[in-house]
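Peer 1: Okay, sequence plus prediction incoming.
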Amino acid sequence: MSLRRTSSPAAWARRLPHDDADELSWLLFHQEDVLSLAQARRHLSSKAIRHRLATGRWRQVHRAVLVAHNGPVSAGQLRWVAVLAAGPQAILGGLTAAQAGGLQGFPGRPVHVLLPAACRRGSLPPGVLAHRTATLTDRDVLAVGQPRRTMPARSIVDAAQWAGTDREARAIVAAAFQQRLVAADDLHRIVDQLPRVLVAN
């Protein structure tokens, strides 16, 4: 599928590449100027990648993830860094997914990613926390938008479970209702389907 058709609504708010732009340009547009080393190698030679890094045009923010600029890394780019570093089965989860969906009033770090229980992963960048679950249905994953993330109700329930204190958990749930991101029925459905504890590692 063409990257031009799969870019997220947030990405389309950025400047579109020219119609004759190459696939790398569209990939960077689609992924907010973040790409994995493997993706870079599909489009560029090792020498070309090294040149971009050596001249400061690009930066290596993780052993397997590059940013195609030398400025500050935005919140959206941090999310891309997290999922690309965690692997192809990783999706944004918990508070991070909720924030990507509009939740306000909470810190943006750490970045939470969700992985299938049996999924293997490599090292993660500082500030990224991986959680594993054996319960993740198609209904729990947002069908549009990138990076992939859990639906609002699943995000809020996970965020509450992963909160450091009961007070923080209650604040997250209350904010989700006040900001009209979730409905009570959706939360109850998620609570009923999930085990009581998800393990972070």
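Peer 2: All right, it came through fine. Numbers count the residues shown, from 1 in each chain.
Peer 1: For the rest of this, base every contact and every neighbour count on C-alpha atoms.
Peer 2: OK.
Peer 1: Which of the three states applies to Lys47?
Peer 2: Put simply, Lys47 is helix when judged by DSSP: H, G, I helix; E, B strand; the rest coil.
Peer 1: Val113 and Trp80 touch, don't they?
Peer 2: No: at 10.4 Å, Val113 and Trp80 do not qualify as touching, with contact defined as C-alpha atoms under 8 Å.
Peer 1: Pull the number of nearby residues for the residue nearest to Arg109 when sequence neighbours are not counted.
Peer 2: Closest residue to Arg109 apart from its sequence neighbours, by C-alpha to C-alpha, 6 or more residues apart in numbering: Gly127 at 6.3 Å. A total of 12 residues lie near Gly127 under the criterion other C-alpha atoms under 10 Å.
Peer 1: Hmm, Pro110 and Gly127 touching each other?
Peer 2: Yes: here Gly127 reaches Pro110: they are 4.7 Å apart, a contact under C-alpha under 8 Å.
Peer 1: ok, now how distant is the residue located most distally from the centre of the chain from Leu35?
Peer 2: In the chain, the residue that sits farthest from the middle, by C-alpha atoms, centre = their mean, is Lys47; the gap is 29.2 Å. According to C-alpha to C-alpha, to the nearest Å, Lys47 and Leu35 sit 17 Å apart.
Peer 1: Which strands or helices does the host helix or strand of Ala38 pack on?
Peer 2: Element membership of Ala38 [criterion: DSSP states H and E] is helix 37-43. If you count contacts as 3 or more C-alpha pairs under 8 Å, 6 or more residues apart in numbering; DSSP states H and E, helix 37-43 packs onto helix 23-30.
Peer 1: Now do the helix it packs on: which elements does it pack against?
Peer 2: Counting by 3+ C-alpha pairs under 8 Å, 6+ apart, the packing neighbours recorded for helix 23-30 are helix 3-6, strand 34-36, helix 37-43.
Peer 1: Which one of these lies nearest to Ala143?
Peer 2: helix 3-6 (11.3 Å; C-alpha to C-alpha).
Peer 1: Rounded mean pLDDT for that closest one, please.
Peer 2: Model confidence over helix 3-6, given as mean pLDDT, is 40.
Peer 1: swap in stretch 50-59?
Peer 2: Here stretch 50-59 scores 95 as its mean pLDDT.
Peer 1: starting at the chain centroid, how far to that stretch?
Peer 2: The chain centre lies 24 Å from the centre of stretch 50-59; the measure is C-alpha atoms, centre = their mean, to the nearest Å.
Peer 1: Run through who's touching that stretch.
Peer 2: 60, 66-70 (C-alpha atoms under 8 Å, 6 or more residues apart in numbering).
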